[in-house]
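> show me how the following folds:
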Amino acid sequence: MRTGDALPPLEIPVTRTLIVAGAVASRDYQDVHHDAEAARAKGSPDIFMNILTTNGLVGRYVTGHFGPRSVLRKVAIRLGAPNHPGDTMTLTGTVTGVTEGPDGTRTFLVRITGANGLGHHVTGTVAVEVPR
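Modelled structure (predicted):
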C-alpha cells in the first residue's frame, strides 16, 4: 500500500449484544451501555457503544487489512455520533503516510472514519507496523 490508497470498507451491524458484550468485556459497567431505561433517563434514545469497543473495532479493521503479523503502534480516536442498536457503522480508511525502517519494517499511518446513520461515530489515526 502507498500514501493515498484506501482500505476496503467494513460494515459492522450495531446490535444490542455487541454494545453490551463490548462494555462488559472492557469492564465498563456504566448503565448507559446496557440499561435502555437508564440511558433514556439520561437523555439518550437507547443504550450506546462505549469508546473501548469502538477502539477495538478500529484495531480489528486495521489489523484485518494489514494481516496477523501487523502491530498497532498508536491509535488516536475521537468519538462523535453515538452507535445505537439497529444501526450499522461503516469503517473506512486511507493511508496518509508510509515510513520504512532500516530492517525493512514499514509503518503505515491510516486515517480512519466510522460512520453510522447519525454521522461520524469515530474519526482518528492509526499507526500500524508491518514486518518485512
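> enumerate the positions of the top helix by length along the chain that are buried.
Determined from DSSP state H, the single longest helix within the chain is helix 51-66. Of all the residues in helix 51-66, those buried under the rule 16 or more other Cβ atoms under 10 Å are 53-55, 57-59, 61-63, 65-66. For the C-beta atoms, the positions are set from N, CA and C on the backbone; glycine is no exception.
> hey, where'd the strands end up in the protein?
Using DSSP state E, the strands of the chain run over 6-13, 71-79, 88-100, 106-116, 119-130.
> so for Tyr29, which of those sits nearest?
strand 71-79 (18.6 Å; Cβ to Cβ).
> just checking, what packs against that closest one?
Strand 71-79 sits against helix 51-66, strand 119-130, with contacts defined as 3 or more Cβ pairs under 8 Å, 6 or more residues apart in numbering; DSSP states H and E.
> chain center to it: distance?
Chain-centre distance of strand 71-79: 9 Å, with Cα atoms, centre = their mean, to the nearest Å.
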